[in-house]
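Student: got a structure for you, letters missing:
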């Protein structure tokens, strides 16, 4: 069994792939559930305002709202000066 | 006051009705007056699994619409004492159930029953939401398979936000019931293990029901599988009921059963 396990451990089983995929997905979906409904639209509108002045894309902006909605954190990664 | 239990899963075909039938029967066997309600309007099947499909006269929707009394619609189980079935309507449209209507029926049932077991339809639409809305306790039926686990997590989200308990600032008690478990495939790395599913869903484990030939055999005959007391699935449900009622029982059927010499030679099934 020891030798068998040694060979087995080199290859990831399909069950462990399933577990990893689920962990990522479930964490993401739980996060989506807890955020307020208006957040995605607000994110887009803020992005539109920023995009008017700076060249940014959707990936460059991150909005986090803490649970009791008292702190709104806005992260915008500005493009490097060329 | 009755305890309302919802058997739910999000995904279809994972064993909700089989589990509802087994859980309701198990509670009645322990001496609790129990009613099983089929919430799957339009696609009722609990009657078939319980073997009382030919005795359905009135249904849940008739009672809500006051076309029949609760006593007329309740079917008394012929095998198990203390057990009653309230079948779903087969022909009406899905909107036949309303929050107020369901509440009235549940309140009336709560006066005389110890446990009300609600067999939820699949999905997260109105029928499923109504089935879980009044629940005190949820039994989430999950298969060790990606889509089932994901859907279970979604239904947990619904329980935590859209149930009456949640709206009143409380919580619905959650239990995980893992069904169709195949220890040999888990050992081979082809199936999520109990530990994997527990870790992802993060709710307490009520029981593990192995993939079993007894389940199909039981549904063929219209007998809840828990009454097949010698079968692995029957024993697993019996354990789950004991745990539900507070008994401390070790989990079985988690490992591959080693076949003895004789059963290997003669190919007998355990």
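Tutor: Perfect, thanks for sending it. Predicted model, so just to flag it, every value in this text is computed and none were measured.

Student: just checking, what packs against the helix or strand harbouring residue A:45?
Tutor: Secondary structure assignment for residue A:45, by DSSP states H and E: helix A:39-53. Judged by 3 or more CB pairs under 8 Å, 6 or more residues apart in numbering or on different chains; DSSP states H and E, helix A:39-53 is in contact with strand A:61-65. Glycine gets a C-beta too; all of them are placed from N, C-alpha and C.

Student: just checking, residue B:85 is part of a strand?
Tutor: Yes. Membership of residue B:85 in a strand is supported by DSSP: H, G, I helix; E, B strand; the rest coil.

Student: can you give me phi and psi for the nearest residue to it once chain neighbours are set aside?
Tutor: Once flanking residues are discounted, residue B:85 sits nearest to residue B:75: 4.5 Å by CB to CB, 6 or more residues apart in numbering or on different chains. Backbone dihedrals for residue B:75, given as degrees, to the nearest 10, come out at phi -100, psi 130.

Student: ok, now how distant is residue B:75 from residue B:3?
Tutor: Distance of residue B:75 to residue B:3, given as CB to CB, to the nearest Å: 21 Å.

Student: the more surrounded of those two?
Tutor: Taking neighbours as other CB atoms under 10 Å in any protein chain shown, residue B:75 and residue B:3 compare with residue B:75 leading, 21 against 17.

Student: tell me the contacts of that one?
Tutor: Taking CB atoms under 8 Å, 6 or more residues apart in numbering or on different chains, we find residue B:75 in contact with B:47, B:52, B:55-56, B:84-87.

Student: between the residues you listed, which has the most around it?
Tutor: Most neighbours among the contacts of residue B:75, by other CB under 10 Å: residue B:87, with 28 neighbours.

Student: tell me who's in contact with that one.
Tutor: Contacts for residue B:87 (CB under 8 Å, 6+ apart) come out as B:38, B:44, B:46-47, B:52, B:56, B:59-60, B:73, B:75.

Student: I'd like to know which of the residues you listed are part of strands.
Tutor: B:38, B:75 (DSSP state E).

Student: secondary structure element for residue B:103?
Tutor: In this assignment (DSSP H and E), residue B:103 forms part of helix B:99-112.

Student: nope, residue B:219 is what I meant
Tutor: With DSSP H and E as criterion, residue B:219 is part of helix B:213-221.

Student: quick one: the helix or strand just after that helix to helix B:213-221, angle?
Tutor: Sequence-wise, the next helix or strand downstream of helix B:213-221 (DSSP H and E) is helix B:232-244. Computed by axes from the mean of the first three to the mean of the last three CA atoms, to 10 degrees, the angle separating helix B:232-244 from helix B:213-221 equals 90 degrees.

Student: buried ones in helix B:232-244?
Tutor: By 16 or more other CB atoms under 10 Å in any protein chain shown, the buried positions in helix B:232-244 come out as B:232-241, B:243-244.

Student: what of stretch B:40-48?
Tutor: For stretch B:40-48, burial by neighbour count (16+ other CB under 10 Å) applies to B:40-41, B:44-48.

Student: so can I have a markdown table of those residues showing distance to chain A?
Tutor: Listed next are the buried residues of stretch B:40-48 as a markdown table, based on distance: CB to the nearest CB, whole Å:
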| residue | distance to chain A |
| --- | --- |
| B:40 | 25 |
| B:41 | 27 |
| B:44 | 31 |
| B:45 | 29 |
| B:46 | 30 |
| B:47 | 35 |
| B:48 | 32 |
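
Student: what is the mean pLDDT for stretch B:186-200?
Tutor: For stretch B:186-200, mean pLDDT rounds to 96.

Student: related to what we said a few turns ago, contacting residues around the helix holding residue B:103?
Tutor: So helix B:99-112 is in contact with B:1-2, B:4, B:33, B:35, B:37, B:60, B:63-65, B:70, B:86, B:116, B:130, B:133-134, going by CB under 8 Å, 6+ apart.

Student: before we move on, back to that, residue B:48 versus the residue nearest to residue B:85, what's the distance?
Tutor: Using CB to CB, we find residue B:75 at a distance of 12 Å from residue B:48.

Student: which parts of chain A sit against chain B?
Tutor: A:8, A:13-16, A:18-19, A:21-23, A:25-26, A:29-30, A:33 (CB under 8 Å from any CB of the partner chain).

Student: among those residues, name the buried ones.
Tutor: Buried members of these, counted by 16+ other CB under 10 Å: A:15, A:18-19, A:22, A:26.
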